[in-house]
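Novice: Output the structure for:
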Amino acid sequence: MNRDNLIQSEVSLANQTSYKVGGDAQWYAAPRNWDELEASFEWYQSQDIPLTLLGAGSNLLVSDRGIPGLVLSTRYFRSYEFNPETGLLTADAGEAIAKLAWKAAKRGLKGLEWAVGIPGTVGGGVVMNAGAHSSCMADILISATVLTPDGTITEVTPEELDYAYRTSNLQGDNRMVVRATMQLEPGFTKAEIMNLSNQNWTQRKTSQPYHLPSCGSVFRNPQPHAAARLIEQLGLKGYKIGDAQIAHRHANFILNCGTATANDIFQLIRYAQEKVEYHWSVSLEPEVKLIGEF
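Specialist: Alright, predicted model coming up:
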């Protein structure tokens, strides 16, 4: 294993996130298989540096100042297997969850049709308890294979992840999801599940902006309220800081209109939070994960 090719220095992260912003990783690795993953961890353990885990970057805002230490990405760690008889789906962390949702639909397997418009990966979906259309990862996850910074591999269940709305105890620590096993429901026709999937995709496409870079929903919904509604009622749709804009189509989306910086987006997040807190006495908690120094 040539670690000189595997571990790279000063790699731009702007194209590694859906926002298309952010500085450089001091060190960067994107293993494609178990051997490369183990080699990356061995190198990390030999260094006295921090570790940051990165999936598809769809729910992240990376600082313009970059990220010190090693950024370890699972974006190329991909494989999956469906069992059409039992409905079991096993997928590596780097697999796109939307792609798997469509493949499940074509096999007549029910349970992932909520994810057809989710931009992230399996790993990120497990960590964030991704969800839409009143369903989420916690509904279908059987177990996840997790790698700890000391190299230990463990299997964890949804109960052990303390799942709640868009959160798990994997957030905020350096355990890395490398694989997940999900239970889907067999016995449906392709037409039935494709119809449900197409309905969900149409709803998302018509209600959410997909034409410019974003992270999806910026804030968790502060039950019983909807974050988008609280922001919209303050007349903030279209409000800009730099080239970051609160979307006209959906007020819980912040868009990069072309030349936004991570700081532009960060300042707009804080502005929306302050306005909602002042007018509604509601604290908006970011769903997007901030990485680096802001």
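Novice: what about the helices in the stretch 151-294 of the chain?
Specialist: Along the stretch 151-294 of the chain, the segments classed as helices by DSSP state H, counting those that start in this stretch run 190-207, 227-232, 262-280.
Novice: Among these, show me which one is buried the most.
Specialist: Ranked by mean neighbour count, the helices of the stretch 151-294 of the chain are led by helix 227-232 with a mean of 20 (mean count of other CB atoms under 10 Å). (Glycine included, C-beta is placed from N, CA and C.)
Novice: outside of that one, which residues touch it?
Specialist: 217-222, 237, 246, 250-252, 272, 275-276, 280, 282, 284 (CB atoms under 8 Å, 6 or more residues apart in numbering).
Novice: do that again at 10 Å, thanks
Specialist: 207-208, 217-222, 226, 236-237, 239, 246-254, 272-273, 275-276, 279-280, 282, 284-287 (CB atoms under 10 Å, 6 or more residues apart in numbering).
Novice: Buried among those residues? Need that as a selection in PyMOL.
Specialist: Restricted to buried positions by 16 or more other CB atoms under 10 Å, the PyMOL selection for the contacts of helix 227-232 reads:
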select buried, resi 208+217+218+219+220+221+236+237+239+246+247+250+251+252+253+254+272+273+275+276+284+286+287
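Novice: So which of the contacts of helix 227-232 are in strands?
Specialist: Among the contacts of helix 227-232, DSSP state E puts 246, 254 in strands.
Novice: now the stretch 151-294 of the chain, which segments are flagged as low pLDDT?
Specialist: Nowhere does the stretch 151-294 of the chain drop to pLDDT under 70.
Novice: picking up where we left off before, a markdown table for the helices of the stretch 151-294 of the chain, including distance to residue 16?
Specialist: Below are these laid out as a markdown table (distance: least, CB to CB, whole Å):
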| stretch | distance to residue 16 |
| --- | --- |
| helix 190-207 | 23 |
| helix 227-232 | 26 |
| helix 262-280 | 13 |
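Novice: Which of those sits closest to residue 15?
Specialist: Closest of these to residue 15 is helix 262-280, at 13.5 Å (criterion: CB to CB).
Novice: and residue 144, what are its bridge partners?
Specialist: Per DSSP bridges, the residues bridged to residue 144 are residue 156, residue 180.
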